[in-house]
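Q: sequence plus predicted model, see below.
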Amino acid sequence: MSTNTNEILEQLKSITLLEAAELVSQIESTFNVDASAPAGGGMMMAMPAGGGDAGEAAAEKTEFNVVLEEVPSAKRISVIKVVRALTNLGLKEAKDMIESVPKTIVENVSQEDADAAKQQLEDAGAKVAIQ
């Protein structure tokens, strides 16, 4: 790597998560790109043909979705903060997301990541399910 790249990398190591989210937002608007991960809608809909054994499919599940089911009005701000941290969304997008529950917050993550996201959202006051 070049020294310029190394310097940028070192600066990125020292910023907060909120600053990193703002940086991503600025990069997206400056270069007209979308840094979000693909939603994987096509992959999620693909089901095995032939009606495979449901018990076998559940035992093999390695990817999970965290679904926001309910947000008490008194806890909206803290839940928005957690949603923004988990998704790197802007304020308006995170607000829209929590207002249209049930809503999938994170998709296709490991069990550990799903449990961590669920815990963060529940600590903020939201009702969450892992699917």
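A: Looks like it arrived, so ask away. Numbers count the residues shown, from 1 in each chain.
Q: contact partners for Ile80?
A: 91, 94-95, 98 (Cβ atoms under 8 Å, 6 or more residues apart in numbering). All C-beta atoms are positioned from the backbone trio N, CA, C, and that covers glycine.
Q: keep only those of the residues you listed that are in helices.
A: Members of these lying in helices (criterion: DSSP state H): 91, 94-95, 98.
Q: just for the protein, where's the confidence low?
A: Along the chain, the model assigns pLDDT under 70 to residues 1, 35-60.
Q: list buried residues within the ones in helices among the contacts of Ile80.
A: Those of the ones in helices among the contacts of Ile80 that meet the buried threshold are 94-95, 98, by 16 or more other Cβ atoms under 10 Å.
Q: quick revisit: pick the one among the ones in helices among the contacts of Ile80 closest to Val128.
A: Checking these against Val128 by Cβ to Cβ gives Ile98 as the nearest, at 11.4 Å.
Q: no more questions from me, cheers.
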